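Asker: Task: produce atomic coordinates for the following.
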Amino acid sequence: MDLQQAKTLLDKINSLYKSISTDGSQIASIERDLMLSYIRQLYESFLETPGGNARSVASVSANSGNSKASQPIDLPVDPPAPEPVKRTYTPPKIIEIPDKPAAPKMEKPAPAPAPEPAPVKLEVQEPAPAPRQQTPVAPAPKPKPAETAVVDAPPAIKALFQRQAATELSEKLSEQPVRDLTKSMAINDRLLYVNDLFGKDNNAFNDALQTLNRLDSMDEATPLLTGWAKQHNWADDEKSDTAKAFIKLVRRRYI
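Answerer: Below is the predicted model:
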């Protein structure tokens with residue numbers, strides 16, 4: 001028997017066992033076949049040794065020393081399953097609640113005496129004096145700035161504001177009131193007023209119409225018309241007729 005070969009086989013068996021035990025999963029078929037092969041070889045090596053040779057067995061023990069081959073192989077054994085814990089039912093304690101004592105009866109208080117009625121004082125109301133009648137005071141007349149403006153103007157400009165009584169039906173119809181000066185004239189009249197009375201400045205003409213629309217009377221509009229007449233020389237012979245027609249149109253705004 002070759003003891004060195006037996007020791008090598010034991011080391012292989014121990015090494016393979018450690019590998020299988022650390023894996024923790026099921027043993028593969030190749031690992032199982034390899035372990036059986038190592039055990040068979042070890043068995044056959046000891047089977048070839050004479051049975052009465054005690055020296056061989058002792059020498060195997062001496063040569064192996066503290067090697068892992070001389071130690072028995074402990075296969076892991078699953079621990080027994082613990083027994084289930086038996087639970088005992090303990091009934092709950094019954095706590096007795098004493099009955100509440102009856103509330104003492106409250107005595108009704110004696111009714112309070114009724115208060116004596118207070119004496120009634122009779123008051124005699126005197127009749128209120130009749131209101132005095134106030135005589136209405138007439139408001140002071142407002143000054144007329146237009147009359148002052150026309151008086152201060154030259155005679156040629158004063159003539160532009162003179163009114164003539166309408167005699168024919170067409171003239172009477174032409175004096176009907178208008179609400180908006182910007183919408184009460186034809187395109188040709190508008191161009192004539194812009195060119196002759198406002199120096200061909202359309203913006204100045206539009207501003208003048210909007211200002212006149214905001215006024216309340218011809219007396220308020222006369223100072224503005226007088227100023228424009230002086231500025232653009234409405235008293236000129238070529239512009240006077242146009243100026244009179246424009247002033248007549250403005251007067252219809254305040255009828």
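Asker: Domain ranges for the protein, per the record?
Answerer: 3-64, 145-252 (automatic domain parsing).
Asker: okay, those domains, which one's buried deepest?
Answerer: domain 145-252 (a mean of 15; mean count of other Cβ atoms under 10 Å). Every residue, glycine included, has its C-beta placed from N, CA and C.
Asker: sorry, back to before: adding mean pLDDT, write the domains of the chain out as JSON lines.
Answerer: Below are the domains of the chain laid out as JSON lines (pLDDT from 0 to 100):
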{"stretch": "domain 3-64", "mean pLDDT": "73"}
{"stretch": "domain 145-252", "mean pLDDT": "87"}
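Asker: element containing the closest residue to Ala235 other than its chain neighbours?
Answerer: In space, and not counting its chain neighbours, Ala235 is closest to Ala156: 3.5 Å by Cβ to Cβ, 6 or more residues apart in numbering. Assigned by DSSP states H and E, Ala156 belongs to helix 155-160.
Asker: Just the C-alphas of that helix, formatted as CSV.
Answerer: Below are the C-alpha coordinates for helix 155-160, written out as CSV (Å, rounded to 0.1, in the frame of the first residue of the first chain):
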residue,chain,number,x,y,z
PRO,A,155,-65.2,145.5,-37.6
ALA,A,156,-64.5,143.1,-40.5
ILE,A,157,-64.4,140.1,-38.1
LYS,A,158,-67.6,141.4,-36.3
ALA,A,159,-69.4,141.3,-39.6
LEU,A,160,-68.7,137.5,-39.9
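Asker: So what touches that helix?
Answerer: Contact with helix 155-160 is made by Val150, Val151, Thr226, Ala229, Lys230, Trp234, Ala235, Ser240, Ala243, Lys244, Ile247, as judged by Cβ atoms under 8 Å, 6 or more residues apart in numbering.
Asker: 6 Å instead?
Answerer: Identification of contacts with helix 155-160 by Cβ atoms under 6 Å, 6 or more residues apart in numbering yields Val150, Ala229, Ala235, Ala243, Lys244, Ile247.
Asker: Check stretch 198-218 too.
Answerer: Leu181, Thr182, Val194, Ala221, His232, Val250, Arg251, Tyr254.
Asker: quick one: which of those residues is nearest Leu3?
Answerer: Thr182 (135.0 Å; Cβ to Cβ).
Asker: rewinding a little: roughly how far apart are the residue nearest to Ala235 and Ala229?
Answerer: 9 Å (Cβ to Cβ, to the nearest Å).
Asker: next one: Leu191
Answerer: Leu191 is 19 Å from Ala229, by Cβ to Cβ.
Asker: Same question for Thr222.
Answerer: Applying Cβ to Cβ, the value for Thr222 to Ala229 is 10 Å.
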